[in-house]
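Novice: model the structure of this input:
(chains A, B and C)
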Amino acid sequence: MPELPEVEVVRRGLDRWVSGRTVAEVEVCHPRAVRRQTGGGLDFAARLTGRVLGPARRRGKYLWLPVDEAAGDRRSALLGHLGMSGQLLVQDPAVPDETHLRIRLRFTDGGRELRFVDQRTFGHLAVDDLLFDGPGDAQGLPAALAHIARDPLDPLFDDAGFFTALRAKRTTVKRALLDQSLISGVGNIYADEALWRSKLHYDRPTETLTRPLAATLLANAREVMTAALAVGGTSFDSLYVNVNGESGYFSRSLDAYGREGEPCYRCGTPIRRAAWMNRSSYFCPRCQRVPRQRAY
DNA sequence: AGACCAACCTGCTGGC
DNA sequence: TGCCAGCAGGTTGGTC
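Specialist: Sure, this is the predicted structure:
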């Protein structure tokens, strides 16, 4: 469940069903799922067993739950990224194991267990050190996330700083939107949606973006992700689900992504799909034109 | 230093 | 029916 709205849906589920519970047992079924853990699966399990998981937090597409926060231990957190196909499910222990079950956490209360299920294993879990900015920082940030920018739904996101960095980048606008060190949480779907709403071509050089255009783009990214979050995120199939295995409804509200050959909702021109960086870009060839000042 | 993209995986779909 | 190419919501390490 890849992009910000889908990850936020999962964060809320973890906060409701997992936070406050004590880990009884950790089972790592596939070593690739803990490949970022220095010390491997044994270390991962040792750093969680017997510990209490705190409130679920998120930055961009990353999730984490502080470990033993209530007990005054402010040093580590269970960190997760869902990659392309990862799921975090809160599942009754009686439910048979999923085909791609990678990690299982059992709890001391004997209730529903937490399962990390990931078909392609691009996602991962790890226990990471929490870094604190100073006495005023009550929450901290996992060390591995030092290079991840705040996401646009974060109240502390720096709009002015984003505009400046965007203009300074020697790149094109969709690359910039997907650059998690510039702005996090935006992926291929919401990048295409924000660009469509802004009438911007994905290959437009960032240096040609005026401040009002950049502001419009940012506002549209916020709007489309907020709207998606309100209906549980985007899901085309059962691969992208919340902690209870349920899909969101935003796929029916997409204006560009996945609509190749279908009419643009603004002008009726068929939406086009272009191969782009080993993936796809969906856009309206009439509403979203490459500006003339550069040949592409 | 900064930009780029191949590689990491599994499964599904559509064309031949 | 079978096979194979192409595609999928992301990130990174290595290269230039």
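
Novice: now the strands for the stretch 151-296 of chain A?
Specialist: A:272-276, A:279-283 (DSSP state E, counting those that start in this stretch).

Novice: buried ones in the first one?
Specialist: Of the residues in strand A:272-276, A:Arg272, A:Arg273, A:Trp276 count as buried by neighbour count, 16 or more other C-beta atoms under 10 Å. For the C-beta atoms, the positions are set from N, CA and C on the backbone; glycine is no exception.

Novice: so which of these also contact DNA strand C?
Specialist: By C-beta under 7 Å from any atom of the strand, the members of these lying near DNA strand C are A:Arg273.

Novice: among the strands of the stretch 151-296 of chain A, which comes closest to A:Ala215?
Specialist: strand A:279-283 (20.5 Å; C-beta to C-beta).

Novice: ok, and what's touching the closest one?
Specialist: With contact meaning C-beta atoms under 8 Å, 6 or more residues apart in numbering, strand A:279-283 is reached by A:174, A:188, A:192, A:195-196, A:201-202, A:256-260, A:271-274.

Novice: compute the mean per-residue pLDDT across it, please.
Specialist: Throughout strand A:279-283, pLDDT has a mean value of 96.

Novice: right, is it up against DNA strand B?
Specialist: No. Strand A:279-283 lies out of reach of DNA strand B by C-beta under 7 Å from any atom of the strand, never closer than 8.6 Å.

Novice: next, the buried residues of that strand.
Specialist: Buried residues in strand A:279-283 (16+ other C-beta under 10 Å): A:Ser281, A:Tyr282, A:Phe283.

Novice: distance of the last one relative to A:Asp179?
Specialist: Okay, so that is A:Phe283. 19 Å (C-beta to C-beta, to the nearest Å).

Novice: and for the second one?
Specialist: Here the distance between A:Tyr282 and A:Asp179 works out to 19 Å (C-beta to C-beta).

Novice: check contacts around the residue nearest to A:Phe116 when sequence neighbours are not counted.
Specialist: In space, and not counting its chain neighbours, A:Phe116 is closest to A:Ile103: 4.0 Å by C-beta to C-beta, 6 or more residues apart in numbering. Going by C-beta under 8 Å, 6+ apart, A:Ile103 touches A:Val26, A:Glu27, A:Val28, A:Cys29, A:His30, A:Ala33, A:Val34, A:Arg115, A:Phe116, A:Leu125.

Novice: quick one: pLDDT of the spatially most central residue of chain A?
Specialist: Taking C-alpha atoms, centre = their mean, the centroid of chain A lies closest to A:Lys61, which sits 2.2 Å from it. With respect to pLDDT, A:Lys61 scores 98.
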